[in-house]
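Novice: sequence unknown, structure follows:
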């Protein structure tokens, strides 16, 4: 349920056909794993702990994950490649990771898998040159590994799943839904020919010698992987994409569920935008009647807009405040990002509270402190800010 601007619901959603629900549906249905297939796998998966223990450990907290070796440091980069065990098959021939992906274990490694436990931290990499399997799964707790093949991909749009929102085959770059941008090894760029927007991605580590890229990106639908480097993301959480577009070009919905009303003078531009286009939120011009500007990075133009409805509370792509110190201007979001507000904007924090929903944008004002803006949905204002490294 949205908390801000509910008075716009009636005017915005006057027609059940306001937003298209069928775009690319045939492609999604043909490529995504069926629920029946996943149910069949789940029937053979037997938890090795009591139900109470399994619930407590299958989704470890940030603190628990850190204690178990999930993060070698506090940077967002290290968290991309770490996974953990969600379920283990009784016969030790299969494991399920936190993102719902199902991995079939090499027969000769199943005794090793018997020693692994729910919530053990894992890293995925390539198997050896002479292995009959494609991948190796390394257990960071026990320092043991098993060879494996991917049997079923991550849950579509699951809490821990990643998906492609932009593919630039000319430059060899892709952007994921979490805002991370990746540069693909030159020798692997031909593989991108089969990769599409909305494909599900699993991230691993590249351990091959003399090959470009620190990471592996595994495309579940294309059943292939590329070596890649993470381009140091200047826009953490600030990259968004279009989820829905109004047929009248007067409204758009972002991936976090927030609804934006477009300036009438810019609606002709919006008619050229498409679902899944990559967008960034920033301030509008000083003399604009609108507070924000939405820049479309896919087509390189922008529209003036106001926030009509805030992000979905507790949504997969929504952010919220978990700690705030309005006196020194520091904010911590649920994803672990720590922000510092310049002294000029600290006064604006007086009405911000824990659990307020936040939308992240980019500060484009000259001669003003802060690379980013944080928009508080409930208070309906924004502050300029910097990410604390």
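Specialist: It's in. Remember, predicted model here, so these are calculated numbers, not experimental data.
Novice: show me where pLDDT drops low in the stretch 151-300 of the chain?
Specialist: With pLDDT under 70 as the threshold, the stretch 151-300 of the chain has low-confidence stretches at 210, 232-237.
Novice: now do the helices in it.
Specialist: Secondary structure of the stretch 151-300 of the chain (DSSP state H, counting those that start in this stretch): helices located at 267-270.
Novice: would you map out the domains in the chain?
Specialist: 25-152, 162-231, 236-389 (automatic domain parsing).
Novice: what would the ones you listed look like in a markdown table with mean neighbour count?
Specialist: Every residue, glycine included, has its C-beta placed from N, CA and C. Shown next, in a markdown table, are the domains of the chain (neighbours: other C-beta atoms under 10 Å):
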| stretch | mean neighbour count |
| --- | --- |
| domain 25-152 | 16 |
| domain 162-231 | 18 |
| domain 236-389 | 18 |
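Novice: report all helices and strands that the helix or strand harbouring residue 358 contacts.
Specialist: Assessed by DSSP states H and E, residue 358 sits inside strand 357-362. In terms of contacts (3 or more C-beta pairs under 8 Å, 6 or more residues apart in numbering; DSSP states H and E), strand 357-362 is packed against strand 278-283, strand 319-325, strand 372-376.
Novice: any chance of the ones you listed in CSV, plus distance to residue 310?
Specialist: Shown next, in CSV, are the helices and strands packed on strand 357-362 (distance: least, C-beta to C-beta, whole Å):
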stretch, distance to residue 310
strand 278-283, 13
strand 319-325, 11
strand 372-376, 9
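Novice: for the ones you listed, which one sits closest to residue 89?
Specialist: For those, proximity to residue 89 was assessed by C-beta to C-beta; strand 319-325 is nearest, at 35.5 Å.
Novice: now do that closest one against strand 372-376, angle only.
Specialist: Put simply, strand 319-325 runs at 100 degrees to strand 372-376, going by axes from the mean of the first three to the mean of the last three C-alpha atoms, to 10 degrees.
Novice: quick revisit: give me the sheet partners of the strand holding residue 358 and which way each runs.
Specialist: strand 319-325 (antiparallel), strand 372-376 (antiparallel) (DSSP bridges).
Novice: name every strand pairing with the next helix or strand after the first one and say which way it goes.
Specialist: Tracing the chain past strand 319-325, the next element assigned as helix or strand by DSSP H and E is strand 330-333. Paired neighbours of strand 330-333 in the sheet (DSSP bridges): strand 319-325 (antiparallel), strand 338-340 (antiparallel).
Novice: can you redo the ones you listed as CSV with mean pLDDT?
Specialist: Compiled in CSV, the strands paired with strand 330-333 are given as follows (pLDDT from 0 to 100):
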stretch, mean pLDDT
strand 319-325, 93
strand 338-340, 92
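Novice: per-residue pLDDT, residue 47?
Specialist: Residue 47 is assigned 43 on the pLDDT scale.
Novice: hang on, the earlier thing: could I get the strands paired with strand 357-362 in CSV, plus columns for distance to residue 201?
Specialist: Output for the strands paired with strand 357-362, formatted as CSV (distance: least, C-beta to C-beta, whole Å):
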stretch, distance to residue 201
strand 319-325, 21
strand 372-376, 25
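Novice: with respect to residue 280, which of those strands lies nearest?
Specialist: strand 372-376 (10.4 Å).
Novice: against which helices or strands is the helix or strand following that closest one packed?
Specialist: Next helix or strand after strand 372-376 toward the C-terminus (DSSP H and E): strand 381-387. Applying 3+ C-beta pairs under 8 Å, 6+ apart, one finds that strand 381-387 contacts strand 338-340, strand 372-376.
Novice: dump those to CSV, plus distance to residue 160.
Specialist: Formatted as CSV, those follow (distance: least, C-beta to C-beta, whole Å):
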stretch, distance to residue 160
strand 338-340, 22
strand 372-376, 24
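Novice: need the contact partners of stretch 134-149.
Specialist: Applying C-beta atoms under 8 Å, 6 or more residues apart in numbering, the contact partners of stretch 134-149 are 68-70, 82, 95, 103-106, 108-110, 112-113, 115-117, 120-128, 131-133, 150, 204, 207, 218, 225.
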